[in-house]
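> how does the following fold in three dimensions:
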Amino acid sequence: MDDTKLNLIMRCFDSLKVKMTEEELSTFILDNDFSNADIDAVMRMFTFLEKRNNEASIQMMLRLSKLPLKSPKTFENFDFSQVHGKNVSQLEGLQSLSTLYSHKNVALIGPAGTGKTHIAMAYGYECCQHKLKTYFIKMSELNDMFTQARAYGRSG
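Numbers count the residues shown, from 1 in each chain. As a prediction, this is how the structure comes out:
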């Protein structure tokens, strides 16, 4: 059996949380006299299942994030040419999520209408695409929630 096919199937198994070792898979294939066509069919099936599982995970993350899904704000549909300042290149680099992985904070500060909310939504959307938990809430909504909690004595 082609080693790359075995590796691809094992990668799919890992992604789908299927408990099987390479040795067990190889033994199963040999014991059942799988042809190359059979192995290709198994590989295509598990690749399809892995892709479907990934898409379902991303959709779940997007639903839980509270990001608007009808016309999502992404980095692709943001006009960076309208943004001016010394840190524009850092804004463009947010798509890599390197700030998240390096445990750095991101503060989007500027006048109204400059795209702060769009960038925040795009960042959250990108996190969801990488199956990272995200929750989007506007600052005004968060302030209202805190004010309400304080009024009802639930500040904890």
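> only C-alpha atoms for contact and neighbour calcs from this point on.
OK.
> what lies in contact with the helix or strand bottoming out on mean pLDDT in the chain?
Every helix and strand of the chain was ranked by mean pLDDT, DSSP states H and E. The lowest is helix 88-93, at a mean of 81. Residues from elsewhere that reach helix 88-93 (CA atoms under 8 Å, 6 or more residues apart in numbering): Phe80.
> 10 Å instead, please
Phe75, Phe78, Phe80, Ser81, Gln82, Val83, Thr99, Val106, Leu108, Ile119, Tyr123 (CA atoms under 10 Å, 6 or more residues apart in numbering).
> stretch 35-48 now?
Outside of stretch 35-48, the residues within contact range by CA under 10 Å, 6+ apart are 1-2, 5-13, 15-16, 29, 34, 49-54.
> quick one: buried ones out of these?
The neighbour count (16 or more other CA atoms under 10 Å) marks Lys5, Leu6, Ile9, Met10, Arg11, Cys12, Phe13, Ser15, Leu16, Leu49, Glu50, Asn54 as buried among those.
> so Thr99 touches Cys127, yeah?
No - counting by CA atoms under 10 Å, Thr99 stays clear of Cys127, with 11.5 Å between them.
> neighbour count: these two, which is higher?
Cys127 (21 against 14; other CA atoms under 10 Å).
> residue contacts, the more buried one?
Neighbouring residues of Cys127 by CA under 10 Å, 6+ apart: Ile58, Met61, Leu62, Ser65, Gln95, Ser96, Leu97, Leu100, Met121, Lys133, Thr134.
> list the single closest residue to the last one in space, sequence neighbours excluded.
Spelled out, that is Thr134. Using CA to CA, 6 or more residues apart in numbering and skipping residues adjacent in sequence, the residue nearest Thr134 is Ser65, 4.9 Å away.
> could I get the contacting residues of that neighbour?
Gln59, Met121, Gly124, Tyr125, Cys127, Cys128, Leu132, Lys133, Thr134, Tyr135, Phe136, Ile137.
> dump the residues you listed into CSV; add distance to Glu24 and pLDDT as well.
What follows is the contacts of Ser65, written out as CSV (distance: CA to CA, whole Å; pLDDT from 0 to 100):
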residue, distance to Glu24, pLDDT
Gln59, 33, 94
Met121, 45, 93
Gly124, 40, 93
Tyr125, 39, 94
Cys127, 35, 94
Cys128, 34, 94
Leu132, 32, 93
Lys133, 34, 93
Thr134, 38, 93
Tyr135, 41, 92
Phe136, 44, 91
Ile137, 47, 89
